[in-house]
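> have a look at this prediction, sequence included:
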Amino acid sequence: MERIEKEIMVNNVHGLHARPAALFVQMANQFDSSIMLEKDGESVDGKSIIAILSLGINKGAVVKMTVEGHDAPEAFGKLEEFLQESND
Amino acid sequence: MIKLKGIAASGGIGIGKAYFIGVEEFTIPKRKISHEGISQEIYRLEEGLIATRKEIASLQKRISDELGFDHAKIFEAHLLVLEDRVLIEDIIGQIKNKKVNVEYAFSESIKKYVNTLLGLDDEYLRERVIDIEDVSRRVLRKLLKKETVSLQELKEKVVIVTHDLAPSQTASLPKENILGFVTDVGGITSHTAIIARSLGIPAVVGVEIATKNIKSGNNLIIDGSAGEVLVNPTTKVFKEYRKKFEKIAKEAKAVHISKAIKARTKDKREIVVSANIEIPEELPLIHKFGAEGVGLYRTEYIFLGRRDLPFEEEQYHAYLNVVKKVKPYSVIIRTIDIGGDKFLSQPTVPVEMSPFLGWRAIRFCLGRPDVFKVQLRAILRASAEGNVKIMFPMISGVEELKEAKRLLQECKQELKEEGKKFDKRISVGTMIEVPSAALTADVLAEESDFFSIGTNDLIQYSLAVDRANEKVAYLYEPGHPAVLRLVKSVIEAAHKKGIWVGMCGEMSGEPLFAFLLVGLGLDEFSMAPPRVPRIKELIRHIKYEDAKSIVERVLKLSTASEVEKYLQQELKKILKDDFNRILMI
């Protein structure tokens, strides 16, 4: 089982608000790995839209993403890319 | 009579009876359940979620058909809430541990999340609460076996009065029976406002005390342009507004009738008024508002929001669809105007300090001919089926234009060898939006079949103003003498070389500037579709010679506000009684 953990700066123009958060969750749910997002010491399930919204992640925020499971490298790569993208 | 003030969210006048929609209150029963009852409650939860899912999916489809795909997108987030495992686990946890019924567990869980969101220091997220509450009401209705309150059954024409409309409520309204909207909360970008504008129904939002002061059945007048609501108006006021209402209706009809008439000045100078198109869903608006073709077809939507590059076939079909629908009019297709960072196949592109001055538009395209040529080939192939013109954005010097044309030539050669059809004499235009291009317009004209002035960027670049920055946005002035001089010199340089000039920035859709631009000799005006009737009507009411005669004076003025004041004064003299009407269309 692979586990990847890294701090990422969110570059998405709207941060992780409704639409981008929905896209993130849809993407996260395509993988078997567990995905956790942590901001300011609070850690939530990255496959839950409500949990992600409750973190209030704005553009420029730094979040810690932890991905664990057999498809962790691919999942981490895709999700990291999404968070760092600057398009809306 | 009471007069309430709010925010003017969608123009027009609505007169009729108020129809009050209260916030739906549910009494959530709390029941203790036995250990054996747990699985039954969990089963009911699943059933409720599945039924709600079906309901939202069918609503989503209907909205997509009626209002376009974009309006239906919000329901994606709604559907995700239904599948949210943290939420579902939380509800199941409550049912198991507290041994309570599903309705109670569900509403407690939702409350918890809503409170978290409300506590965030972020207005946008706080507004999303309305989405979550919207979904949860649907689920609760299923669990409590209550019928969905359907506004579809409205039998008479009414003005809707409510605290706030949930997106799905607004979307399911029977439009033909709605005379207007009045809400307590919301701003001009709120959901109700956007839907009202796209349906052309007057709306006043953010009235704050509307629901306190208005009851179902009250006589209402709403003025969506002034942001006013009159409750139980006196006969005198009623008659006054009735007249206004009839006048607007008559004028709207006149515009409707005249939309097919060409925009020709009183002294017979013909001007093309066309539309800017961002997504194909806007195509019906071209005919609706009487635009003569597409002066700017933005192609970015095909490239954005995806993780791969669109193939030639996909692009070809996208362009072909637009070209065929706009035929016999012409479509000016602008090659992609986005930065290298938007291409996900290039994760190594560095983050730029000043993206506006960075690697984007033609610069990106020339750096990535593999991407660019796919688009050029697709555009060329579509040109075989209609009237297509091609335009390159962000040209800053003639070398770029020559290089872009060289690649276009290569594509033509390839297609010829492959035996594929295209318009061999396709027009190639340069978008003038960088000051250096405006100042060397004479040089660029040698290599172009036409120009289109992109004023939005030209103004930003020449005045060094980022319009999105609130602190400096006031400096963004289309009437700035520097901008007017640049525009004048571009038009003159083009006409000297015998090529035509269009404008696809917002400036061309502003009546005051349109008046000046006619005088400067602009040949084509392209703008957001709803602005077309007003500009056509304006052109039909002025003389080219009159507009020409004010140009010299305008160019001697020293500030944007002097320019606007002068234009207004002169246009009033010419239009007289028609002035207010045309500027209000």
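Happy to help now that I have it.

> so who does the residue in chain A positioned nearest to chain B touch?
Among the residues of chain A, residue A:48 lies closest to chain B, at 3.6 Å counting by C-beta to the nearest C-beta. To be clear about C-beta, it is placed using only N, CA and C from the backbone, and glycine gets the same treatment. Counting by C-beta atoms under 8 Å, 6 or more residues apart in numbering or on different chains, residue A:48 touches A:25, B:84, B:85, B:86, B:87.

> surely the first one touches residue A:52?
What it means is residue A:25. Yes - with contact defined as C-beta atoms under 8 Å, residue A:25 reaches residue A:52; the gap is 6.6 Å.

> circling back: pLDDT value on the residue of chain A closest to chain B, please?
pLDDT for residue A:48: 87.

> can you give me phi and psi for it?
The phi/psi pair for residue A:48 (degrees, to the nearest 10) reads phi -120, psi 120.

> closest one of the contacts of residue A:48 to residue B:548?
residue A:25 (59.1 Å; C-beta to C-beta).

> the closest one belongs to a helix?
Yes - counting by DSSP: H, G, I helix; E, B strand; the rest coil, residue A:25 falls inside a helix.

> which residue is the nearest non-sequential neighbour of it?
residue A:49 (4.8 Å; C-beta to C-beta, 6 or more residues apart in numbering or on different chains).

> for that neighbour, give me its contacts.
Contacts of residue A:49 by C-beta under 8 Å, 6+ apart are A:21, A:22, A:25, B:77, B:80, B:81, B:84.

> state the phi and psi torsions of it.
phi -70, psi -40.

> on that earlier part again, closest to residue B:208 out of the contacts of residue A:49?
Out of these, the member with the shortest distance to residue B:208 (by C-beta to C-beta) is residue B:77, at 27.5 Å.

> just give me the neighbour total for the closest residue to chain A within chain B.
Proximity of chain B to chain A (C-beta to the nearest C-beta) peaks at residue B:86, 3.6 Å away. Look at residue B:86: counted by other C-beta atoms under 10 Å in any protein chain shown, it has 18 neighbours.

> thought it was touching residue A:37?
No - using C-beta under 8 Å, residue B:86 is not in contact with residue A:37; the gap is 11.8 Å.

> quick one on the thing from earlier: in terms of model confidence, name the weakest of the contacts of residue A:48.
residue B:85 (83).

> give the closest residue to that residue in space, chain neighbours not counted.
Nearest one to residue B:85, counting by C-beta to C-beta, 6+ apart, is residue A:48 at 5.8 Å.

> again with residue B:105
residue B:94 (3.9 Å).

> tell me the confidence at the one you found?
92.

> isn't it right up against residue B:107?
No - using C-beta under 8 Å, residue B:94 makes no contact with residue B:107, being 10.3 Å away.

> who's residue B:4 bridged to?
On the basis of DSSP bridges, residue B:4 is bridged to residue B:229.

> distance between the ends of stretch B:465-484?
Its first and final residues considered, stretch B:465-484 spans 16 Å by C-alpha to C-alpha, to the nearest Å.

> can you tell if it touches chain A?
No - using C-beta under 8 Å from any C-beta of the partner chain, stretch B:465-484 stays clear of chain A, coming no nearer than 10.7 Å.

> just stretch B:269-278 next, same as before
No - for a cut-off given as C-beta under 8 Å from any C-beta, stretch B:269-278 has no contacts with chain A; the smallest distance is 14.0 Å.

> what does that stretch rub up against?
So stretch B:269-278 is in contact with B:262-265, B:282-283, B:285-286, B:289, B:291-298, B:301, B:322, B:329, B:332, B:502, B:504, B:518, B:522-529, B:532, B:535-536, B:539, B:544, going by C-beta under 8 Å, 6+ apart.

> buried residues in that stretch?
B:269, B:271, B:272, B:273, B:274, B:275, B:276, B:277 (16 or more other C-beta atoms under 10 Å in any protein chain shown).

> between those, which sits nearest residue B:54?
Nearest member of those to residue B:54, counting by C-beta to C-beta, is residue B:277, at 34.6 Å.

> partners of the closest one in the sheet?
residue B:297.

> that one and residue B:264, how far apart?
Separation of residue B:277 from residue B:264 (C-beta to C-beta, to the nearest Å): 24 Å.

> remind me, longest helix of chain A?
In chain A, taking DSSP state H as the definition, the longest helix is helix A:72-84.

> pull the number of nearby residues for the residue nearest to residue B:105.
20.

> any idea how far residue B:43 is from it?
Taking C-beta to C-beta, one finds residue B:94 at 16 Å from residue B:43.

> now residue 12: closest residue in space that isn't a chain neighbour?
As the question left the chain open, I've gone with chain A. If you skip the residues right next to it in sequence, residue A:12 has residue A:20 as its closest partner in space, 5.1 Å away by C-beta to C-beta, 6+ apart.

> oops, I was thinking of chain B
Residue B:12 sits nearest to residue B:202 (C-beta to C-beta, 6+ apart), 3.7 Å away.

> give me the pLDDT for that neighbour.
Taking residue B:202 on its own, its pLDDT is 90.

> state the number of residues packed around it.
For residue B:202, using other C-beta under 10 Å, the count is 26.

> identify the residues contacting it.
B:10-14, B:179-181, B:196, B:222-225.

> please indicate which of the residues you listed are buried?
B:10, B:11, B:12, B:13, B:14, B:179, B:180, B:181, B:196, B:222, B:223, B:224.

> from residue B:92, how far off is the closest residue to residue B:37 other than its chain neighbours?
Leaving aside its sequence neighbours, residue B:37 sits nearest to residue B:99 (C-beta to C-beta, 6+ apart; 7.8 Å). According to C-beta to C-beta, residue B:99 and residue B:92 sit 12 Å apart.

> more neighbours: the two, which one.
Remark: of residue B:99 and residue B:92, residue B:92 carries more neighbours, 19 against 16, as counted by other C-beta under 10 Å.
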